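J.: Structure for this input, please:
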Amino acid sequence: MKSLYETDFVEWSDRNAELLRAGRFAEVDIENVAEEIQSLSKSEQSAVWSFLQLLLMHKIKQIIQPERDGASWRVSIEKARLALEHRIADSPSLRPYLQANLQKIYQQAVTLALLETDLEHAAIDKQCPWDLDTLLAG
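T.: All right, here's what the predicted structure looks like:
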């Protein structure tokens, strides 16, 4: 027999929130609640990874195609920076996560920028030329 978690996530969520608020801990679906909380953390990490990757991709494109740099790239960079700023303000532990993964994110951004510009042989730094503080400062 399937559990409520498997058949109706919204109802399961509401029920477990209600049980927690009422202090009825013995009735809470602890294992799935723990999984969902951890999933929220992973979701936030994924979001900031994507925002930083987008920001870096546009900064790289500014370098390899300066003649195409325009308002849309600058707006995209600023939107990503503001989203990162907001998420980090809410969860400061995301900053060290980004710092630890900056080089991986940069390498992915290089790959995407080169594919998007059709300039696969453009000379790009192997190491990220920006530190996280500079990227977040704008």
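J.: ok, Asp8 - contacts?
T.: Asp8 makes no contacts at all, as judged by CB atoms under 8 Å, 6 or more residues apart in numbering. (Each C-beta comes from the backbone N, C-alpha and C, glycine too.)
J.: quick one: least confident helix or strand in the protein?
T.: Lowest mean confidence among the helices and strands of the chain (mean pLDDT, DSSP states H and E): helix 4-7, at a mean of 94.
J.: Which elements pack onto it?
T.: Helix 4-7 sits against helix 9-21, with contacts defined as 3 or more CB pairs under 8 Å, 6 or more residues apart in numbering; DSSP states H and E.
J.: Let me know the next secondary structure element after the helix it packs on.
T.: Moving toward the C-terminus from helix 9-21, the next helix or strand (DSSP states H and E) is helix 30-64.
J.: Buried residues, the least confident helix or strand of the chain. List them.
T.: Judged by neighbour count (16 or more other CB atoms under 10 Å), helix 4-7 contains these buried residues: Tyr5.
J.: That'll do, ta.
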